[in-house]
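Student: my questions are about this predicted structure, shown below with the sequence.
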Amino acid sequence: MTVAELERALALRQGNLDTLLRRRARIVTDLETTEARIKEIAGAGARNLKPRPKNPKSLHTVVTDLLTKRKSGYALHDLAEKVLATGYKTHSADFKNVLYQCLYNSEAFSYDEKTGTYKLAPPPKTAKPKTKKK
């Protein structure tokens with residue numbers, strides 16, 4: 001083959017490639033339009049939800065058990081690790097936030113600002129009944 005023949009063959013192939021690329025672009029556009037119409041008619045599909053994990057104990061109970069065993073308390077990060085180490089199951093992407101909400105919204109726990117730890121809150125003091133003197 002001569003150089004001129006090779007150049008013609010190359011130009012022919014390049015032309016065929018350009019034609020195929022334009023055809024593919026049209027088909028992709030048609031496919032996207034068709035998929036959009038299908039979504040519009042069918043509506044949004046059902047959400048793929050995982051079933052909620054069933055734990056034998058509530059988060060509050062697990063935290064209470066852990067803090068009962070350690071009077072000095074735990075930092076939030078350490079407590080989160082300990083709770084998960086007990087086998088507590090969760091799908092939460094931010095479990096520390098879930099744990100914080102449990103601690104914050106319960107009067108059973110207190111935060112020690114000096115040490116940065118959560119502890120069991122002392123039981124509320126009840127007034128002793130007055131006894132009559134004789």
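Tutor: Right, received. Where do you want to start? Residues are numbered from 1 along each chain as shown.
Student: pull the number of nearby residues for residue 99.
Tutor: Residue 99 has 23 neighbours, counted by other C-beta atoms under 10 Å. C-beta here means a position set from N, CA and C on the backbone, and glycine is covered the same way.
Student: show me how far the strand or helix carrying residue 39 is from its chain's centre.
Tutor: Taking DSSP states H and E as the criterion, residue 39 maps to helix 3-42. Taking C-alpha atoms, centre = their mean, to the nearest Å, the mean C-alpha location of helix 3-42 is offset from the chain mean by 41 Å.
Student: just the mean pLDDT for that helix, thanks.
Tutor: Averaging pLDDT along helix 3-42 yields 92.
Student: cool, and stretch 104-120?
Tutor: Here the average pLDDT along stretch 104-120 is 94.
Student: same question, stretch 74-87
Tutor: Averaging pLDDT residue by residue across stretch 74-87 gives 96.
Student: and the contacts of it?
Tutor: Stretch 74-87 is contacted from outside by 59, 62-63, 65-67, 90, 95-96, 99-100, 103, 116-118, using C-beta atoms under 8 Å, 6 or more residues apart in numbering.
Student: first-to-last residue distance for stretch 101-108?
Tutor: 13 Å (C-alpha to C-alpha, to the nearest Å).
Student: residues of that stretch that come out buried?
Tutor: 102, 103 (16 or more other C-beta atoms under 10 Å).
Student: repeat that for stretch 76-84.
Tutor: Applying 16+ other C-beta under 10 Å to stretch 76-84 flags 76, 79, 80, 82, 83 as buried.
Student: tell me how far it lies from the chain's centre.
Tutor: The answer for stretch 76-84 is 16 Å, by C-alpha atoms, centre = their mean.
Student: now, which of the buried residues of stretch 76-84 lie within helices?
Tutor: 76, 79, 80, 82, 83 (DSSP state H).
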